[in-house]
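Colleague: Provide a 3D model corresponding to the input given below.
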Amino acid sequence: MTASRCVNAGGGDRGKGGLLRRAGIAATGFFCVAAWMAACSGASPSPKRVIEQRIKRLHLIADADGKRSWELRAVEAELLDDPPKALLTEPQIYFFKNGARISQVSSRRGEVFTSSHDIHLSSAVVFESLTDSTTLRTDSLRYSSKRDKIFTQSRVAVTRPGGRIDGQGLEAAPDLSEIRIKNQHSVISR
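Modeller: Have a look, this model is predicted:
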């Protein structure tokens, strides 16, 4: 807790300037009390987000063992220092396997963490497999670069030729060849 103390060094209030002196003392007292109350309130100012750099048309490529693992494009990115990450506007990510593009994902917003290369996408996430026409829709999705997996705890809808599976929570490979949906409900098309 921070303590503040105000001291008034004014003299008496006799003579012509007495009224002005009393008004000055009252104003000083008011501001001292206001400052003391603010200091003792326990409320700390909210931390400001400091944007280190803003980039238009961001393009990143991630390689693993000399092979392209994913490629990211965004309309705009704001680079932050603490924690080190980039806030993305309209990101699109392409995943690769053996040099070939295997899937693509888009959303309205996202983040890429610069130290781990993990990605978080949010708002209208659409993930499409380019190998078997599987489509995943959700509100939030994370990609772990270390595990090479995608995750979500949000509601998901996975559509494949012949049916749809809805659920809450998912873990999958980036090409959607392996999908584990939690709390699932299947809808079969005829």
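
Colleague: For the residue most central in space within the chain, which non-adjacent residue is closest in space?
Modeller: For the chain, residue 111 is the residue whose C-alpha lies nearest the centre (C-alpha atoms, centre = their mean; 5.5 Å). In space, residue 111 comes closest to residue 120 once its chain neighbours are excluded; the distance is 4.7 Å by C-beta to C-beta, 6 or more residues apart in numbering. Quick note: C-beta positions are derived from backbone N, CA and C, even for glycine.

Colleague: Identify the residues contacting the one you found.
Modeller: By C-beta atoms under 8 Å, 6 or more residues apart in numbering, the contact list for residue 120 reads 110-111, 113, 140-143.

Colleague: do that again at 10 Å, thanks
Modeller: Residues in contact with residue 120 (C-beta atoms under 10 Å, 6 or more residues apart in numbering) are 85, 88, 91, 107, 109-113, 140-143, 151-152.

Colleague: Which of the residues you listed fall within strands?
Modeller: 85, 88, 109-113, 140-143, 151-152 (DSSP state E).

Colleague: would you turn those into a markdown table with pLDDT and distance to residue 184?
Modeller: Shown next, in a markdown table, are these (pLDDT from 0 to 100; distance: C-beta to C-beta, whole Å):
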| residue | pLDDT | distance to residue 184 |
| --- | --- | --- |
| 85 | 94 | 32 |
| 88 | 98 | 30 |
| 109 | 98 | 27 |
| 110 | 98 | 26 |
| 111 | 97 | 28 |
| 112 | 96 | 29 |
| 113 | 95 | 29 |
| 140 | 98 | 18 |
| 141 | 98 | 17 |
| 142 | 98 | 19 |
| 143 | 97 | 21 |
| 151 | 97 | 15 |
| 152 | 97 | 13 |
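
Colleague: Which residues does stretch 98-105 contact?
Modeller: Contacts for stretch 98-105 (C-beta under 10 Å, 6+ apart): 67-68, 70-72, 91-97, 119, 121, 125-132, 134, 136, 141, 143, 150, 172-177.
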